[in-house]
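# please find the sequence and the predicted model below.
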Amino acid sequence: MRLSHIKLNRAKGASDLRHLLSEPHAKIALICLTLIAILHILVLPLTDFYISSGDWLSGLLLSAWVLLGGIVALGSGLERTGLAMLAFAVPMELGLLVSGGVLYLGAISVPFVDPWLHAADRSIGFDFRWLSQVYADNPAIMSISRFAYSSLAIQTIVIPVVMAVTLPPKRLLHFIAAYSLTLTITVAVFPLFPAEGPYVYYNIPLERAPYLDRLFPWETGIKIEKLRLGYLRDVTSEAAGLVSFPSFHAASAILLGWASLSWLWVRGPILLLNAVMLFSTIVCGAHYLVDLIGGVVLAAGVIYWTGRCCQHNANSPHST
């Protein structure tokens, strides 16, 4: 009897897995992963880019194994376990692949567009120098902002996994699709809008920004120039901070806040945390205000479009 029950669960799991892979949201995430993977496959053998760190490869392999394990778990009828593994693995795998892809695209990026971004900020009456001085004069505000800004990494791990355990599968699949597509578009747009950043453009030295604990606001332009000139070719180099427009931190604040709306018991704190992260991205992340606007519009548009995809697949077992 027990063996028969196990076989029945496996048969149902295999059927559910087939339905899952046919979901528009699953296809979107798979396409995004495939596109970034193809970029690596094409660039690495044909250029002088190389991989020096085993940690990057180890992380890539770990997330790939977890991803495969999640698919096996789903096929075995362990839906929640499989979805939790996918929720952990997909953002991690895509994030690692994208970190290398940013470097490839930085090497072929157009000239810096800081004057355009500055002009856009000025047209809506925003002054980065004023805001940075407010932060310099109020260490408590900066401490809160730094905490919120740095929360992105842990939120990207915890929120999808908790979604997998507590919410209907369609919510998780929608989030993963929206996250994957938003990140992929962000990276694709990046080489068209490279920037040195407001700290460099407005000649704000490190001494006037003691609240920052990272140097990337002053190093972004240098790294991009090294990529263009062929001096930086290590795929495992730190790519954080290279993308200016659209801001993925800003887009993530929208994505993660939206993901929390189904949790009545914690959505308030999560929304507040991401509202602070959104605002803190300007100073902590060295962004122009228009970068944030671009990230917010992108995330909102992707959430809406991927939501429309779900309407055409309402009869799927994963849609409830």
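Right, received. Where do you want to start?
# list phi and psi for D234.
With angles defined as degrees, to the nearest 10, D234 sits at phi -80, psi 110.
# count of residues packed around it?
As a burial measure, D234 scores 14 neighbours (other CB atoms under 10 Å). For every residue, glycine as well, the C-beta is placed using N, CA and C.
# what count of nearby residues applies to the residue nearest to V110 when sequence neighbours are not counted?
Distances taken as CB to CB, 6 or more residues apart in numbering place L192 nearest to V110, at 6.1 Å, with adjacent residues excluded. Neighbour count of L192, defined by other CB under 10 Å: 11.
# to the chain's geometric centre, what's the distance from stretch 152-168?
Chain-centre distance of stretch 152-168: 14 Å, with CA atoms, centre = their mean, to the nearest Å.
# what do you get for stretch 58-71?
Distance, stretch centre to chain centre, for stretch 58-71: 18 Å (CA atoms, centre = their mean).
# in that stretch, what counts as buried?
G59, L60, S63, V66, L67, G70, I71 (16 or more other CB atoms under 10 Å).
# what of stretch 194-203?
Across stretch 194-203, burial judged by 16+ other CB under 10 Å covers P194, A195, E196, G197, P198, Y199, V200, Y201.
# quote the end-to-end distance of that stretch.
Start to finish, the residues bounding stretch 194-203 are 18 Å apart (CA to CA, to the nearest Å).
# which stretch of helix or strand covers the most centrally placed residue in the chain?
By CA atoms, centre = their mean, the mean C-alpha position of the chain lies nearest to L183, the distance being 4.8 Å. Secondary structure assignment for L183, by DSSP states H and E: helix 169-189.
# list the contacts for I159?
By CB atoms under 8 Å, 6 or more residues apart in numbering, the residues touching I159 are F175, L256, A259, S260, I270.
# got the confidence number for it?
As predicted, I159 sits at a pLDDT of 95.
# on the three-state scheme, it is what?
helix (DSSP: H, G, I helix; E, B strand; the rest coil).
# list of residues touching stretch 268-278?
With contact meaning CB under 8 Å, 6+ apart, stretch 268-278 is reached by 144-145, 148-149, 151-152, 155, 159, 249-250, 252-254, 256-257, 260, 263, 292, 296.
# any of these buried? List them.
Using 16+ other CB under 10 Å, the buried members of these are 145, 148-149, 151-152, 155, 159, 249-250, 252-254, 256-257, 260, 263, 292, 296.
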